[in-house]
Structures are given as C-alpha cells and as structure tokens.
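Participant: Build me a model from this:
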Amino acid sequence: MPLYDWRCQDCGTTFEVLTTYEQSLGPMVCTSCAGRNVRKLLPLVARPTRSGDTITDDFGSDDGDDFGDGGCGCGGGACSCGN
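Facilitator: Numbering: from 1, shown residues only. Sure thing, here's the model as predicted:
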C-alpha cells in the first residue's frame, strides 16, 4: 500500500496515511484535530541530476549508474526480473 502525505487546512498539521489508492480519493480526517478540511500533497520523488560530467542522484551516489541500487535483482536487490 502506498503512503500518502496530507495537510490539514484547519490546524496546519502535515501527516502521512498508509492506504490504498481508492481510499485516498475519498474523504480524509486529520490525525491531530479530526478536521475534514484536508488536502493530499504531491509526492516528492528522488530523481537523477547531472553535475558536470557525472550523474548523481538525490541520495549522493556518484557511481555513474543511472539506475541506482534499488530493490531490483538487476540493481543489487532481489526482484528476480531476469536481467
């Protein structure tokens, strides 16, 4: 299940909710004040950036690998993708 970030317009609290996509489309209640005036925030995604002649990612890697070392069998993890 994905983790969604929300911000309460009544009290200003930012909170996370682990829920399905379908449930995230429905009404949400603030975890702090129980208000219903909340908005889903846009997710922040790490992306590769170019620094001079090398590629670095948002996590400080500078190994020249655009794909990182995530949870994929072809990148150091264990997804068994067959590559």
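
Participant: Tell me where the chain has strands.
Facilitator: Ranges of strands within the chain are 3-8, 14-18, 38-40, 49-51, 54-56, based on DSSP state E.

Participant: Run me through the strand neighbours of the third one, direction for each.
Facilitator: Sheet neighbours of strand 38-40, with direction, are listed as strand 3-8 (antiparallel) (DSSP bridges).

Participant: For the partner strand, output the C-alpha coordinates as CSV.
Facilitator: Provided in CSV are the C-alpha atoms of strand 3-8 (Å, rounded to 0.1, in the frame of the first residue of the first chain):
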residue,chain,number,x,y,z
LEU,A,3,2.0,6.1,1.8
TYR,A,4,0.2,9.5,1.2
ASP,A,5,1.0,12.9,2.7
TRP,A,6,-1.8,15.1,3.8
ARG,A,7,-2.1,18.7,5.2
CYS,A,8,-4.9,19.9,7.4
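
Participant: pLDDT averaged over that strand - what is it?
Facilitator: Averaging pLDDT along strand 3-8 gives 94.

Participant: Residues contacting it, please?
Facilitator: With Cβ atoms under 8 Å, 6 or more residues apart in numbering as the test, strand 3-8 has contacts from 13-19, 24, 28, 30, 32-33, 35, 37-41, 43. The way it works is simple: take the backbone N, C-alpha and C, and place the C-beta from them, glycine included.
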